[in-house]
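Asks: Let's see this in three dimensions:
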Amino acid sequence: MMLQAHTDGWTLLFLAAFIPGVHLQRNDSSIQPVSDSELHPEVVIYRPVLQPSESIPPTETYMLKDVLGTVCIKATLGAEYIVIEKKPWYFSLDPSRVRTSGYCGTEDAVLSLTLPDNAASLQFNFRKDKDAFYVVKVTAHLAYPICQGCANKSYLGLLAHEKLFRTTNGQSFNCKSESLLLLSSQLSIKLVPLQMQAFSLRKGQYGKEMECWADFNKRVIPIIVGATVVGLLLIAVLTFLVVRDRRRQGYDPL
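Replies: Residues are numbered from 1 along each chain as shown. All right, here's what the predicted structure looks like:
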């Protein structure tokens with residue numbers, strides 16, 4: 001028996017020395033086996049964290065290229081989800097976690113922004129006419145657990161058959177003001193700021209900016225109000241001068 005054990009030992013040493021992949025293992029109870037948790041660490045699933053108050057969403061530029069490597073969609077935006085669940089809850093899209101996807105066609109294009117584990121998404125469907133392009137559909141969803149240990153609850157929203165952000169081909173739609181999209185009774189999307197262009201981007205750069213109505217009103221209305229006030233003041237001054245001159249003429253001797 002001892003001779004056989006001795007022979008087996010030399011055999012193992014020979015195999016370990018000359019045959020790759022064969023290793024000696026100590027029969028030591030102090031060496032603990034690898035646990036399943038170390039071999040298969042727990043996968044952390046990304047879940048949005050909703051906030052009770054609004055905040056300015058971080059801005060990022062998202063681009064999509066066609067099969068030739070040409071930029072066909074470019075969008076600079078900050079997006080905030082607004083969920084109505086007894087009271088408003090808010091979630092800002094994190095650009096560092098967004099995956100960009102979609103496709104580019106001659107008359108239709110899609111830009112999809114998706115968070116890990118499909119926790120949230122935002123999609124724009126573009127359409128091109130002869131002289132303009134616009135967003136014909138916006139879809140979004142947000143999934144989060146409503147309580148600790150509860151299953152995820154999803155909020156879905158759709159805004160279709162529209163001509164949003166309509167812009168002349170070769171130009172970009174630009175809006176520094178808030179753009180609020182009501183996608184459902186429980187889900188809205190706030191875009192601020194927003195600049196986008198599809199189909200025709202020279203060297204991947206935005207074309208001439210087309211100002212949105214909200215920005216136009218913010219810029220023009222104060223000018224109109226100011227001009228109206230100045231006009232009223234001038235009328236008041238002129239009226240006062242005319243009345244004063246007439247009163248003086250009434251006291252002149254005949």
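Asks: ok, the residue lying closest to residue 202 once chain neighbours are set aside - contacts?
Replies: Distance criterion Cβ to Cβ, 6 or more residues apart in numbering; nearest residue to residue 202, sequence neighbours excluded, is residue 170 at 8.0 Å. The C-beta positions use only the backbone N, C-alpha and C, and glycine is treated the same way. By Cβ atoms under 8 Å, 6 or more residues apart in numbering, the contact set of residue 170 is 200, 202, 207, 208.
Asks: do you know how far the second one is from residue 188?
Replies: It stands for residue 202. 34 Å (Cβ to Cβ, to the nearest Å).
Asks: In terms of packing, which of these two has more residues around it?
Replies: Using other Cβ atoms under 10 Å, the more surrounded residue of residue 202 and residue 188 is residue 188, with 20 against 9.
Asks: In this structure that one contacts residue 179, no?
Replies: No: in this structure, residue 188 is not within contact of residue 179 by Cβ atoms under 8 Å, at 10.7 Å.
Asks: rewinding a little: can you tell me the helix or strand for the residue nearest to residue 202?
Replies: Secondary structure from DSSP states H and E places residue 170 outside every helix and strand.
Asks: so where do the helices sit in the stretch 151-254 of the chain?
Replies: Taking DSSP state H, counting those that start in this stretch as the criterion, the stretch 151-254 of the chain carries its helices at 213-250.
Asks: Over to the stretch 1-150 of the chain?
Replies: Assigned by DSSP H, counting those that start in this stretch, the helices in the stretch 1-150 of the chain fall at 2-18, 36-39.
Asks: Worst mean pLDDT among the ones you listed?
Replies: With a mean of 43, helix 36-39 has the lowest mean pLDDT of the helices of the stretch 1-150 of the chain.
Asks: quick one: low-confidence ranges for the protein?
Replies: 1-44, 145-151, 219-233, 237, 240-241, 244-254 (pLDDT under 70).
Asks: which residues are in contact with the longest strand along it?
Replies: As assigned by DSSP state E, the longest strand anywhere in the chain is strand 152-168. The contact list for strand 152-168 (Cβ under 8 Å, 6+ apart) reads 47, 81, 83, 131-146, 173, 175, 181-184, 186-189, 194, 196-197, 210, 212.
Asks: And stretch 203-212, what's buried?
Replies: 206, 207, 210, 212 (16 or more other Cβ atoms under 10 Å).
Asks: Format the residues you listed as CSV; extra columns: distance to residue 164.
Replies: Below are the buried residues of stretch 203-212 laid out as CSV (distance: Cβ to Cβ, whole Å):
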residue, distance to residue 164
206, 18
207, 18
210, 13
212, 11
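Asks: Alright, I will stop here.
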